[in-house]
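Novice: Here's my sequence, what's the structure:
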Amino acid sequence: MIVERLGKFDCWLMPQVNATAMNRVMLDKIQGELTSESTKLIIVENGSKGQIKQDAHPLLAHYDKLQRTLIMQYQALSLNYNATPSKITENVKKGGSKQDALQEALSKLGNIQ
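Specialist: Residues are numbered from 1 along each chain as shown. Prediction:
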């Protein structure tokens, strides 16, 4: 997908690809657990004072965090629409000092005496 999106694959992306793949595996495991027929998404328990309380399954919060992280990882790999082709420039891929307006402004201030 990266090659299709960017036209090439840079080896320095490998750690990001590995982290994304591991996150995806964990997300799939949690999703499998949450969608099994024996899993209830709402857990009914007795509270400390004997009242009945309902809580969401604790894995739902982890699932949400993993989903959000996966979306950010896809963006870092330019695999979603938050990373549009116009934002993906060779300069940005190499560090982007010319794209960094704050760095440019600070550099100009540093040259003023």
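Novice: Kindly report the domain assignment for the protein.
Specialist: As recorded under automatic domain parsing, the domains making up the chain are 2-82, 88-113.
Novice: ends of the longest one, how far apart?
Specialist: It stands for domain 2-82. Distance between the two ends of domain 2-82: 15 Å, counting by C-alpha to C-alpha, to the nearest Å.
Novice: I'd like the average pLDDT over it.
Specialist: Per-residue pLDDT over domain 2-82 has a mean of 92.
Novice: Please renumber the chain so that the first residue is 19 from this point on.
Specialist: Understood, numbering begins at 19; the last thing we discussed is domain 20-100.
Novice: what's the distance between that domain and the middle of its chain?
Specialist: 9 Å (C-alpha atoms, centre = their mean, to the nearest Å).
Novice: Contact partners for Y81?
Specialist: Residues near Y81 by C-beta atoms under 8 Å, 6 or more residues apart in numbering: 45, 48-49, 52. Where you see a C-beta, it was placed from the backbone N, CA and C, and this is true even at glycine.
Novice: repeat that for 7 Å
Specialist: 48-49, 52 (C-beta atoms under 7 Å, 6 or more residues apart in numbering).
Novice: right, so the domains of the chain: which one is the most enclosed?
Specialist: domain 20-100 (a mean of 12; mean count of other C-beta atoms under 10 Å).
Novice: Look at K71 and give its secondary structure.
Specialist: strand (DSSP: H, G, I helix; E, B strand; the rest coil).
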